[in-house]
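Chemist: Sequence and computational prediction follow.
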Amino acid sequence: MHAAALIVAAGRGRRAGGGRPKQWRPLAGRRVADWTVAAFAAHPRIAEVLLVVHPDDIGQVPAGVAHVPGGATRADSVRAGLAALTQTAATHVLIHDVARPCVPGEVIDAVLDALVRHDGAAPALPVTDALWRGTGGRVTGAEPRDGLFRAQTPQGFALDAILAAHRAHSGAAADDVEVARAAGVEVAIVPGAEANLKITHPEDFARAGKYLRGDMDVRTGNGYDVHAFGGGGDHVILCGVRIPHDRGLVGHSDADVGLHALTDAIYGALAAGDIGQHFPPSDARWKGADSRVFLRHAAGLAVERGYRLASLDVTLVCEHPKIGPHVSAMTSEIARETGAAPDRVSVKATTSERLGFTGREEGIAALATATLVAP
Ligand code: MG
């Protein structure tokens, strides 16, 4: 058996929200179509992958992936793909919706195994919920669910058989199994998987992301910063709070050592560099800058990448000023600037027992840990 995967990606479907067709939208760090192609390209029993795309989307095709332009309807697109496969060594074809990016390898195996003895095979799940009929918002009857299945893809066929079936078929069909059956091809049912969901509505992106990333994606980052006391000054700014003090801290920005450590912790969790990379000290724009700008940027980046701030923890190391009386103002400030829930923000302080540079009151050090969770 020489099995090819035919991935149908020519649709314009926008029910899933967003400005562009769902197959080109981001999902767990890649595009939907990239995941779908990879599921088949990485499968040891799939010899080739052919993508059918809308003519406007040729530029979107991942590098190195074979593709043909689709037609006006799904059936036209499938026919174009099948015709192209006759020019290859393929004896069997698995026709798959691009919008099912989480297809497990076991489902692909089950279809291939069944094709040894059948000309057609497709995955499905038995219906387990009760089925009703309804009109005008009222239940009007119940339907027996025995023998009913929820159809999935990939739907696998002997290439000759499905090509002939598609050429003979006219009019609409729900899927390739219907086309095949209309031509007398017997189609075996193999076990589908709940993970093999079809992205249809906006909320399906989050469900698919869970399957692709695992149940939970937890990231932790740490940050550390030091600023020296120097010159005159009558206050320091720590964790966004102005505290009267007999000396100020030296720095290019407002020298908020606490927010610098915390900002770096968030960047660290995202593997997104550090504060100096995003806000270079060589750039005059950040001279005397309010460090809350840096924190907002890091927190915004986390949200943009699909994470929430599950925990933010800062430790300030100094003999003076005394931090305790300001802790509540500091945690509120951090919660407000990051959007984190106040009970997930912690600020605490310690002295270093008069040892080292912090003990000698030459400067203040800060350590921070950020934990991000997706989805
Ligand atoms: Mg700093």
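Modeler: Perfect, thanks for sending it.

Chemist: Please, where are all the helices along the stretch 201-350 of the chain?
Modeler: Ranges of helices in the stretch 201-350 of the chain, per DSSP state H, counting those that start in this stretch, are 204-213, 257-270, 275-278, 292-304, 327-338.

Chemist: Can you tell me which of the ones you listed is most buried?
Modeler: Most buried of the helices of the stretch 201-350 of the chain by mean neighbour count (mean count of other Cβ atoms under 10 Å) is helix 257-270; its value is a mean of 27. Using the backbone N, CA and C atoms, a C-beta is placed for each residue, glycine as well.

Chemist: Where among the helices of the stretch 201-350 of the chain is average confidence lowest?
Modeler: Note on these: helix 204-213 shows the lowest mean pLDDT, a mean of 87.

Chemist: Mind checking what secondary structure Asp113 has?
Modeler: helix (DSSP: H, G, I helix; E, B strand; the rest coil).

Chemist: Is the closest residue to it other than its chain neighbours part of a helix or strand, or is it coil?
Modeler: Of all residues not flanking Asp113 in the chain, Val190 sits nearest, at 7.5 Å (Cβ to Cβ, 6 or more residues apart in numbering). Reduced to three states with three-state DSSP, the structure at Val190 is strand.

Chemist: Surely Val190 and Leu125 touch.
Modeler: No - Val190 lies out of contact with Leu125 (Cβ atoms under 8 Å); the separation is 10.7 Å.

Chemist: Local confidence estimate at Ala72?
Modeler: 88.

Chemist: next one: the one 4 residues further on
Modeler: The score at Asp76 is 93. That number is its pLDDT.

Chemist: Check which residues of the helix or strand harbouring it are buried.
Modeler: Following DSSP states H and E, one finds Asp76 within helix 74-85. Buried residues in helix 74-85, defined by neighbour count with 16 or more other Cβ atoms under 10 Å: 74-75, 77-82, 84-85.

Chemist: hmm, back to that, adding distance to the ion, write the helices of the stretch 201-350 of the chain out as TSV.
Modeler: Putting the helices of the stretch 201-350 of the chain into TSV (distance: least, Cβ to the ion, whole Å) gives the following:
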stretch	distance to the ion
helix 204-213	33
helix 257-270	4
helix 275-278	7
helix 292-304	9
helix 327-338	16
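
Chemist: Any chance of CSV for these, columns distance to Val373?
Modeler: Output for these, formatted as CSV (distance: least, Cβ to Cβ, whole Å):
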stretch, distance to Val373
helix 204-213, 11
helix 257-270, 10
helix 275-278, 22
helix 292-304, 10
helix 327-338, 14
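
Chemist: Which one of these lies nearest to His166?
Modeler: Shortest distance between His166 and those, using Cβ to Cβ, is found for helix 204-213: 28.2 Å.

Chemist: so what secondary structure elements neighbour the closest one?
Modeler: strand 26-27 (3 or more Cβ pairs under 8 Å, 6 or more residues apart in numbering; DSSP states H and E).

Chemist: Give the pairing partners of the very next helix or strand once past the strand it packs on; include direction for each.
Modeler: For strand 26-27, the following helix or strand on the C-terminal side (DSSP H and E) is strand 30-31. Sheet pairing here is set by DSSP bridges, and for strand 30-31 it gives strand 26-27 (antiparallel).

Chemist: Pick out whichever of Val190 and Leu125 has more residues nearby.
Modeler: Just comparing Val190 and Leu125: by other Cβ atoms under 10 Å the higher neighbour count belongs to Val190, 21 against 15.

Chemist: What does the pLDDT read for the more buried one?
Modeler: pLDDT at Val190 comes out at 98.

Chemist: Which residues are in contact with it?
Modeler: Residues in contact with Val190 (Cβ atoms under 8 Å, 6 or more residues apart in numbering) are 107, 110-111, 113-114, 121-124.

Chemist: Ok, Ala164 next?
Modeler: Neighbouring residues of Ala164 by Cβ under 8 Å, 6+ apart: Ala183.

Chemist: how distant is the helix holding Asp76 from the center of its chain?
Modeler: 30 Å (Cα atoms, centre = their mean, to the nearest Å).
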